[in-house]
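Undergrad: Mind looking at a prediction? Sequence and model below.
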Amino acid sequence: MNCKYHGGYVLWEVMASIAIVAVLTTVLLPMVQTLTHAVDSKRRTFDDIALDRGMRDQLSAHWNRLGQFGCTDSDRIIEIGDSVSQPQRISKANLDNASDWLRGSDTGQCAGYGRTQERMLIVTLPCAGVDAGDGLQVDSCYAAEQASVISSEKGVVTAQLMNQQLFDRTVLVGTQRTFYWYVGKGKSGANALWRKPFETGNALELFPSLFRMRLYPILDRDMNGVAEEIAIHYGQFSVHQLKALLVEYEYEIAECVLSSPLAKTYYTLRGDTWRYDPACHSIGKAIIALGEQNEIAM
């Protein structure tokens, strides 16, 4: 008899325990799922921020030397175009149809002060990779011109002035290399940001997550020190008037299957309609200051 009562008591305890677990599961499981979702959402947000920051750092590192070098740099230009007007040099690069390309001269990555003597320039440049035939930008705040390297030995560079404007002067000298930057199919099969030398050399994949990009020069037309125009047309722009580049870009934040139809829409300044899945892609905007060592996020 006692065993019967004891067995019934144990059965009641088991049933009560099951009921308690069921109630707790019903209450706690949604809370755990909500917390997990919140943690995942924050992690994706932080990953997105880090990726966007990396993208802007890349653009700034490559483009802030496209601006004015010294104080009389008035002859250089940058050029911006679309996939319809591809230069021959990048015509086989499989450019993205919804992106712009940029041509500009990376000037002053290595710089130093030198001295002109008649048509010759002698300068110490504390960096490797300066070879015969390379171009140099030369500035004295009296005039600016270009020079071609004749020889480089142990950091001492001898070059020939191209226009003979700067005789017997102390001058600021910077290395100069011209490149194309564009969005095209990357090594993974998805779009990526590329850079290709203007004359000879192979293209280099810079950032594999960039999907598409639009570029707009910010100009100081009247040269009063204040930028007053964002140019939305294509063409060539004087570095002397160029203050910054406004960049709109779409980039991949996660590998996933795109939803259909795409959930979000972004309208560019050129009038494009970019449709994208926010679970997979994001939109970034930045102002890259040219000739300066900073950039402004938007």
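TA: Yep, that arrived.

Undergrad: For F207, see how far away Q88 is.
TA: Applying C-beta to C-beta, to the nearest Å, the value for Q88 to F207 is 25 Å. Where you see a C-beta, it was placed from the backbone N, CA and C, and this is true even at glycine.

Undergrad: what about the longest strand in the chain?
TA: In the chain, assigned by DSSP state E, the strand with the most residues is strand 100-117.

Undergrad: Can you tell me the strand partners of it and which way each runs?
TA: Next to strand 100-117 in the sheet, as set by DSSP bridges, lie strand 77-82 (antiparallel), strand 120-124 (antiparallel), strand 170-185 (antiparallel).

Undergrad: what's downstream of the second one, the next helix or strand?
TA: Yep, that's strand 120-124 we're talking about. Heading C-terminal from strand 120-124, the first helix or strand you meet, by DSSP states H and E, is strand 135-139.

Undergrad: Quick check: mean pLDDT of that following strand?
TA: Averaged across strand 135-139, the pLDDT comes to 91.

Undergrad: Who are the packing partners of that strand?
TA: strand 100-117, strand 120-124, strand 144-153, strand 156-161, strand 170-185 (3 or more C-beta pairs under 8 Å, 6 or more residues apart in numbering; DSSP states H and E).

Undergrad: So between Q88 and F207, which is more surrounded?
TA: F207 (21 against 6; other C-beta atoms under 10 Å).

Undergrad: Show me what the more buried one is bridged to.
TA: Residues in beta-bridge contact with F207 (DSSP bridges): L193.

Undergrad: Report the contact partners of it.
TA: Residues in contact with F207 (C-beta atoms under 8 Å, 6 or more residues apart in numbering) are G54, M55, Q58, A192, L193.

Undergrad: tell me the least confident of those residues?
TA: Confidence-wise, G54 trails the rest of the contacts of F207, at 77.

Undergrad: For the closest residue to that residue other than its chain neighbours, report the pLDDT, please.
TA: Sequence neighbours aside, F207 is the residue nearest to G54 in space, at 7.8 Å (criterion: C-beta to C-beta, 6 or more residues apart in numbering). On pLDDT, F207 comes in at 88.

Undergrad: Same check on the one 3 residues further on?
TA: pLDDT, L210: 90.

Undergrad: The nearest residue to it once chain neighbours are set aside - how many residues pack around it?
TA: Once flanking residues are discounted, L210 sits nearest to L193: 4.2 Å by C-beta to C-beta, 6+ apart. By the criterion of other C-beta under 10 Å, L193 has 25 neighbours.

Undergrad: any idea how far R275 is from L193?
TA: 21 Å.

Undergrad: Next: S152.
TA: For S152, the distance to R275 - C-beta to C-beta - is 51 Å.

Undergrad: More neighbours: which of these two?
TA: S152 (18 against 13).

Undergrad: Quickly list what the more buried one is bridged to.
TA: V157.

Undergrad: ok, now which ones touch it?
TA: Contacts of S152 by C-beta under 8 Å, 6+ apart are L125, V130, D131, A132, T158.

Undergrad: at 7 Å instead, please
TA: V130, D131, A132 (C-beta atoms under 7 Å, 6 or more residues apart in numbering).

Undergrad: ok, back up a step: between the helices and strands packed on strand 135-139, which gets nearest to D75?
TA: strand 144-153 (6.6 Å; C-beta to C-beta).

Undergrad: pLDDT on the closest one, on average?
TA: 90.

Undergrad: how far does stretch 67-75 stretch from start to finish?
TA: 12 Å (C-alpha to C-alpha, to the nearest Å).

Undergrad: now it, how far from the centre of its chain.
TA: 23 Å (C-alpha atoms, centre = their mean, to the nearest Å).
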